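Asker: based on what follows, work out the 3D shape:
(chains A and B)
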Amino acid sequence: METILVSLAGGLLQAFEPLNLFMIFAGCLAGLFVGCMPGLGSVNGVAILLPVTFLVPPTAAIIFLAALYYGAMYGGAISSITLGIPGASTAVATVFDGRPMAQQGKADKALMAAAIASFIGGTVSIILFTLFAPPLAAFALKFGPQEEFALMLLAFATFIGLGGDDIPKTIFSILLGLVMAAIGFDIISGQPRMIFFDMVEFQRGIGFLVLAIGIYGIGEMLWTLESTKGKVQMHSVNITWARMKENFGQIKDYINSTWVGSVLGFFVGTLPAAGATPASLMSYGLSKTFSKDPDSFGKGNVAGVAAPEAANNAASTGSMLPMITLGIPGSPTTAILLGGMIIWGLRPGPLLFTESPDFVWGLIGSMYIANVATVLLNLALIPVFIRVLAMPFTLLTPIIFMLCVLGVFATTDRMFDTWIMLILGVGGYLLRKLNYPVAPAVLAIVLGPLAERSLRQSLISSQGDVTTFITRPISLTCVILALLLISYPLIQKFIRARKANETAA
Amino acid sequence: MTTRTAEILMGFATLFLSLGLMWNVWSDGLNIGWVEGRGPGAGMWPFWLSLGMAGASAATIIRWFQGKTPESRSLEPYIARETIFLVTVSALSILLLLILMNIIGTYLSLMLFMLFYVRFLGNHTWGMTMAFVLGAPIFVYLLFEVALTKYLPKGWPIFEEGFLWLDNFRWQYF
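Answerer: Residues are numbered from 1 along each chain as shown, chains lettered A, B, ... in the order given. Below you'll find the model as predicted:
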């Protein structure tokens, strides 16, 4: 405990260094901006801006991106409430009660509740993070390649078991990402693989950023152009100092939902397939179930705004826990952060705590500061962001497209990658229109090389004996859990069929 | 095209893609099997995973015939008529941007891209358009060339020389 406090103090001091402090504020602002723009969320912001962070050292870069992740969770609520359109998928549940509140002229109360709940959710989850991360990382030091592989298997299994999307399509998406990651030289035998049309460019493989920016930059903008073509109606927000003080006094109306949402969000967030969107929906459902007045939900109950907002912020921190300690991202956004860490020359995984303590504790320290910074910026800048929301899409879109093209070029210095990005972006958009989930592919292309390496390392060390995965206890547990998760949809179907039979008989 | 038609076409497209990937690995002569005492060969990972992709695509096709996915029953248009224009124009404008970057260089093509997008697609005022047309290349130059020290594509030699003439000012005076 003492060592945690000492390291944390070090991290906090590091977060106060001028560059890092600047990065926190810049990240929060960028996050609030992408969060409140309909269609753009944390993952789009992180993917598009990652190439720009090569300007600064890795610690400052991750601080910026983590703050952006954070800010986007706050920002999502702004458009959910004032426009009735979720600013990001993570803020879907905020619309349910946020929209009716705005219609009743209580937009300021909803925005305030969202900000305070987000703050509490963020703070609770960072404290949980600080407590859980070091012991988990220390435990993970025992992991060999077998455990690493089993964990990745588990990560992919969560998509099949808990993702809730069409299962064959989810499997296709995962495998496509894994296969794309294998393009280029084989890391063990050195043989070139899948050099399509004998183009030498394929020898260097397809970087994860090319796919991530293609899907979350180009594809997402095409998707947004399509879905926001209709007219949006904005509700006016009336904010005065007196009303803010009055709203602050009503915190007791939603404080219980907020606590529950915070803790729930953190744990749901750590699961790779779950993340902030289901966490906020679950939190909304839970708070409705345990409410004294469940009928008022959906009609403008302030607890219905606070619960999902607390959960989505908590989940964003939660998803960083497996990324930092195990090297397994807990969400698409952290998958991109993980890929970024590899570009910065860091080795994600349990050794990160011992090899780069400055990086890890600097990040943790910055999350405390970022949380305070975002709530202040959010409350202060609500009027500004409402004006930003009125910005037409034909101005934002060309800027995003430009950043996508140049960002991909800047990471690899190859025009070839920008072509691949465009193809993948359009392809991703067409697949997404048919309900193919795209997040698993992004996770898979980041984890692909790591998964293949750990699989082959384990098999080389066991001289080709496959039982090596089930004779080690931790790896066995992960494999069993993964199998359970994969078969979970089948079991569920079987139970439902039996119930239907019983009721029919 | 209805969503229903789109789904079956996509199912076959992904199936052929997977089979093509398997063929690619196989025809390169990579070892897709087990090396005694060492575990999987170099081609095993991509080959068998592509087989899995083919299996998943086949499952989607079968489920389409059974009418199990919501898409296979939907007769809604795959891409609505009014959005197909916006989406196609956007995708084509990026394609054109990429082509032009190789010919007339990043900066000139970005200016044309902004002009097209802001003025002709967005119908914004000339003032706003000029702010984007002039602001974008300056911003890109400062961010990518000055701060990130990247050499962005400058196109054919004649355009590259023209740009270098401008670039000289930076090195001479700053």
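Asker: residues contacting A:L13?
Answerer: A:G365 (Cβ atoms under 8 Å, 6 or more residues apart in numbering or on different chains). C-beta here means a position set from N, CA and C on the backbone, and glycine is covered the same way.
Asker: give me the local confidence score for the closest residue to chain B within the stretch 251-400 of chain A.
Answerer: With Cβ to the nearest Cβ, the shortest gap between the stretch 251-400 of chain A and chain B falls at A:T394, namely 2.8 Å. Note on A:T394: pLDDT of 80.
Asker: what sits against the nearest residue to it once chain neighbours are set aside?
Answerer: Closest residue to A:T394 apart from its sequence neighbours, by Cβ to Cβ, 6 or more residues apart in numbering or on different chains: B:G122 at 2.8 Å. Taking Cβ under 8 Å, 6+ apart, we find B:G122 in contact with A:P392, A:T394, A:L395.
Asker: any regions of the stretch 301-450 of chain A where pLDDT drops low?
Answerer: Across the stretch 301-450 of chain A, nothing is flagged by pLDDT under 70.
Asker: equivalent analysis for chain B, please.
Answerer: Checking chain B against pLDDT under 70 turns up B:37.
Asker: buried residues of the helix or strand harbouring B:E7, list them for me.
Answerer: Using DSSP states H and E, B:E7 sits in helix B:3-27. For helix B:3-27, burial by neighbour count (16 or more other Cβ atoms under 10 Å in any protein chain shown) applies to B:3-4, B:6-7, B:10-11, B:14-15, B:17-18, B:21-22, B:24-25.
Asker: what does stretch B:146-160 give?
Answerer: Buried-residue list, stretch B:146-160, by 16+ other Cβ under 10 Å: B:L148, B:K150, B:L152, B:P153, B:K154, B:G155, B:F159.
Asker: how about that stretch against chain A, any contact?
Answerer: Yes - applying Cβ under 8 Å from any Cβ of the partner chain, one finds that stretch B:146-160 is in contact with chain A at B:A147, B:L148, B:K150, B:Y151, B:L152, B:P153.
Asker: need the residues that contact that stretch.
Answerer: In contact with stretch B:146-160 (Cβ under 8 Å, 6+ apart) are residues A:52, A:54-55, A:406, A:409-410, A:413, A:415, B:100-109, B:140, B:144-145, B:163-164, B:170.
Asker: what do you get if the cut-off is 10 Å, keeping everything else the same?
Answerer: Residues outside stretch B:146-160 that contact it (Cβ atoms under 10 Å, 6 or more residues apart in numbering or on different chains): A:51-55, A:406, A:409-411, A:413, A:415, A:418, B:98, B:100-110, B:140-145, B:161-164, B:167, B:170, B:174.
Asker: cool, stretch A:477-495 as well?
Answerer: Stretch A:477-495 is contacted from outside by A:143, A:146-164, A:167, A:170-171, A:271, A:273, A:469-470, A:472, using Cβ under 10 Å, 6+ apart.
Asker: burial measure for B:M111, as a count.
Answerer: By other Cβ atoms under 10 Å in any protein chain shown, 16 other residues sit near B:M111.
Asker: A:L389 too?
Answerer: Residue neighbour count, defined by other Cβ under 10 Å, stands at 18 for A:L389.
Asker: same question, A:I480
Answerer: Using other Cβ under 10 Å, A:I480 is surrounded by 13 other residues.
Asker: so which residues of the stretch 1-150 of chain A form helices?
Answerer: A:2-15, A:18-36, A:42-49, A:58-82, A:92-103, A:107-140, A:145-162 (DSSP state H, counting those that start in this stretch).
Asker: tell me which of those helices approaches B:E82 most closely.
Answerer: Shortest distance between B:E82 and the helices of the stretch 1-150 of chain A, using Cβ to Cβ, is found for helix A:58-82: 22.8 Å.
Asker: in the closest one, what's buried?
Answerer: For helix A:58-82, burial by neighbour count (16+ other Cβ under 10 Å) applies to A:58-82.
Asker: that helix vs helix A:107-140, what angle?
Answerer: Here the directions of helix A:58-82 and helix A:107-140 differ by 140 degrees (axes from the mean of the first three to the mean of the last three Cα atoms, to 10 degrees).
Asker: contacting residues around residue 31?
Answerer: Using chain A. A:41-42, A:45-46, A:49, A:64-76, A:316, A:370, A:374, A:377-378.
Asker: meant chain B, my bad for not saying
Answerer: With contacts taken as Cβ under 10 Å, 6+ apart, B:N31 has the following neighbours: A:S189, A:Q191, B:V25, B:P40, B:G41, B:A42, B:G43, B:M44, B:F47.
Asker: dump those residues to JSON lines, plus distance to A:E309.
Answerer: Output for the contacts of B:N31, formatted as JSON lines (distance: Cβ to Cβ, whole Å):
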{"residue": "A:S189", "distance to A:E309": "50"}
{"residue": "A:Q191", "distance to A:E309": "51"}
{"residue": "B:V25", "distance to A:E309": "47"}
{"residue": "B:P40", "distance to A:E309": "46"}
{"residue": "B:G41", "distance to A:E309": "51"}
{"residue": "B:A42", "distance to A:E309": "49"}
{"residue": "B:G43", "distance to A:E309": "49"}
{"residue": "B:M44", "distance to A:E309": "46"}
{"residue": "B:F47", "distance to A:E309": "46"}
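Asker: could you chop chain B up by domain?
Answerer: B:3-73, B:81-173 (automatic domain parsing).
Asker: ranking those by burial, who's on top?
Answerer: Neighbour counts (mean count of other Cβ atoms under 10 Å in any protein chain shown) averaged over each of the domains of chain B peak at domain B:3-73, with a mean of 18.
Asker: if we can go back for a sec, could you export the helices of the stretch 1-150 of chain A as CSV, including mean pLDDT?
Answerer: Compiled in CSV, the helices of the stretch 1-150 of chain A are given as follows (pLDDT from 0 to 100):
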stretch, mean pLDDT
helix A:2-15, 86
helix A:18-36, 90
helix A:42-49, 88
helix A:58-82, 88
helix A:92-103, 85
helix A:107-140, 89
helix A:145-162, 85
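Asker: for the stretch 201-350 of chain A, what lies in contact range of chain B?
Answerer: Contact residues (Cβ under 10 Å from any Cβ of the partner chain) of the stretch 201-350 of chain A with chain B: A:I218, A:G219, A:M221, A:L222, A:W223, A:L225, A:E226, A:S227, A:K229, A:G230.
Asker: quick one: which of those sit in helices?
Answerer: A:M221, A:L222, A:W223, A:L225, A:E226, A:S227 (DSSP state H).
Asker: give me the spatial nearest neighbour of the fifth one, chain neighbours excluded.
Answerer: Counting by Cβ to Cβ, 6+ apart, A:E226 lies nearest to B:T83, which is 4.3 Å off, once chain neighbours are set aside.
Asker: now do the strands in the stretch 401-505 of chain A.
Answerer: Here the stretch 401-505 of chain A has no strands by DSSP state E, counting those that start in this stretch.
Asker: may I see the buried residues of stretch A:467-474?
Answerer: Of the residues in stretch A:467-474, those buried (16+ other Cβ under 10 Å) are A:T468, A:F469, A:R472, A:I474.
Asker: touching, the first one and A:L459? I think so.
Answerer: This means A:T468. Yes - the pair A:T468 and A:L459 passes the contact test of Cβ atoms under 10 Å, sitting 7.1 Å apart.
Asker: okay, and the common contacts of these two?
Answerer: Counting by Cβ under 10 Å, 6+ apart, the common neighbours of A:T468 and A:L459 are A:P145, A:Q146, A:F149, B:G39.
Asker: which among those gets closest to B:M53?
Answerer: Checking the shared contacts of A:T468 and A:L459 against B:M53 by Cβ to Cβ gives A:F149 as the nearest, at 19.9 Å.
Asker: residue boundaries of the helices in chain B?
Answerer: In chain B, the helices defined using DSSP H lie at B:3-27, B:44-66, B:70-73, B:81-103, B:105-114, B:126-140, B:157-173.
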